[in-house]
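**Student:** Predicted model and sequence follow; I will ask about them next.
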Amino acid sequence: MREDSFDRRAYLRGAGAAGLFALTGTAGCVGGGGGGGGGGSDGSSNQIVPGTAPGFPPFEMKEGGEIVGFDIDLLSAVVAETDYQLGNWQAFEFDSLIPALTNDKIDAIAAAMTINEERDETIDFSNPYYNADQSVLVRGGGSFSPSALADLSGHPVGAQEGTTGESQVKTLVENGTLQQSNYNSYGNYVLAVEDLTNGNIDAVVLDKPVAQTFVEQRSVEIAFTVETGERYGFGMRTDDDDLTQALNGGLEAVRESGRYEEIRNEWFGSNGG
Ligand code: GLN
């Protein structure tokens with residue numbers, strides 16, 4: 001299939017012009033796997049407002065004031081296969097994304113969010129689009145090289161609030177391996193990794209693909225990885241079935257067209273998984 005002159009950034013800017021008229025839940029039928037091929041020309045009636053939490057490279061981060069990343073490109077490509085239009089990206093701390101969704105501030109979450117039972121009680125997830133485990137990041141070439149979670153005992157450890165990485169650390173606190181005072185929580189992982197390289201904490205627990213990105217950019221290394229078998233999904237309100245179905249159809253379409261692989265290669269190179 002030929003890639004035409006579709007420019008995703010120009011598309012986002014264009015779609016943003018209709019941002020004030022975010023009507024949802026009025027989607028027409030979207031063909032199963034094939035998708036609707038870009039949808040209506042009138043622009044505003046099926047617009048959805050996407051939300052994310054920058055500071056989680058390469059899934060979402062700010063570059064020169066603009067939010068970019070794998071999730072941004074993937075959701076844009078997926079929505080382009082439906083009859084919906086994508087509005088302006090809204091940025092929140094990760095912990096605030098689900099409340100923003102349920103309070104109608106946004107219509108879809110694209111934030112490397114792990115599908116789990118607790119979240120599934122409040123929101124609906126799309127089919128999974130990426131896999132991840134939890135890695136433990138330490139300073140590069142340092143003397144602290146833990147090989148299991150129990151080795152974190154007695155060391156200050158960081159994670160981002162409301163994440164599955166934080167759940168790993170909280171479990172250590174609950175089972176007495178780690179003192180509560182040794183758990184440092186952050187609004188985003190960029191701040192946690194800064195505290196690690198500054199020597200304020202000794203380890204950060206976070207999703208492996210993001211840990212690998214920090215390894216490429218900073219003086220940090222992965223000490224070990226816990227195989228949690230997490231899978232990311234887009235998050236939607238539970239009453240937005242039409243949207244959830246449409247995004248699942250769009251996901252299938254971008255996989256079949258090879259677009260998914262292109263976007264993955266663009267942001268992960270050969271590390272993609
Ligand atoms: N995948 C992890 C979670 O869902 C982290 C997501 C994130 O920090 N953006 O909790």
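**Tutor:** Yes, it's here.
**Student:** ok, now which ones touch the residue in the stretch 151-273 of the chain that the ligand sits nearest to?
**Tutor:** Going by C-beta to the nearest ligand atom, the ligand is nearest to residue 163 of the stretch 151-273 of the chain, at 3.4 Å. Quick note: C-beta positions are derived from backbone N, CA and C, even for glycine. Residue 163 makes contacts with 94, 206-207, as judged by C-beta atoms under 8 Å, 6 or more residues apart in numbering.
**Student:** could I get those residues as a markdown table with distance to residue 78 and secondary structure?
**Tutor:** Below are the contacts of residue 163 laid out as a markdown table (distance: C-beta to C-beta, whole Å; DSSP: H, G, I helix; E, B strand; the rest coil):
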| residue | distance to residue 78 | secondary structure |
| --- | --- | --- |
| 94 | 21 | helix |
| 206 | 25 | strand |
| 207 | 20 | strand |
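**Student:** The lengthiest helix in the chain: what's the following helix or strand?
**Tutor:** The single longest helix within the chain, with elements called by DSSP state H, is helix 241-257. Sequence-wise, the next helix or strand downstream of helix 241-257 (DSSP states H and E) is helix 259-268.
**Student:** I'd like to know which elements that next one is packed against.
**Tutor:** Packing partners of helix 259-268 (3 or more C-beta pairs under 8 Å, 6 or more residues apart in numbering; DSSP states H and E): helix 70-80, helix 241-257.
**Student:** so what's residue 205 bridging to?
**Tutor:** Note on residue 205: beta-bridge partners residue 136, judged by DSSP bridges.
**Student:** Touching, it and residue 171? I think so.
**Tutor:** No: the pair residue 205 / residue 171 is not scored as a contact, 10.3 Å apart, by C-beta atoms under 8 Å.
**Student:** Which one's more surrounded, the two?
**Tutor:** For residue 205 versus residue 171, neighbours defined as other C-beta atoms under 10 Å are more numerous around residue 205 (27 against 12).
**Student:** distance of that one from residue 124?
**Tutor:** 27 Å (C-beta to C-beta, to the nearest Å).
**Student:** Repeat that for residue 196.
**Tutor:** For residue 196, the distance to residue 124 - C-beta to C-beta - is 35 Å.
**Student:** got the phi/psi numbers for the residue nearest to residue 55 when sequence neighbours are not counted?
**Tutor:** In this structure, residue 55 finds its nearest non-sequential neighbour in residue 188, 3.2 Å apart by C-beta to C-beta, 6 or more residues apart in numbering. Backbone dihedrals for residue 188, given as degrees, to the nearest 10, come out at phi -150, psi 160.
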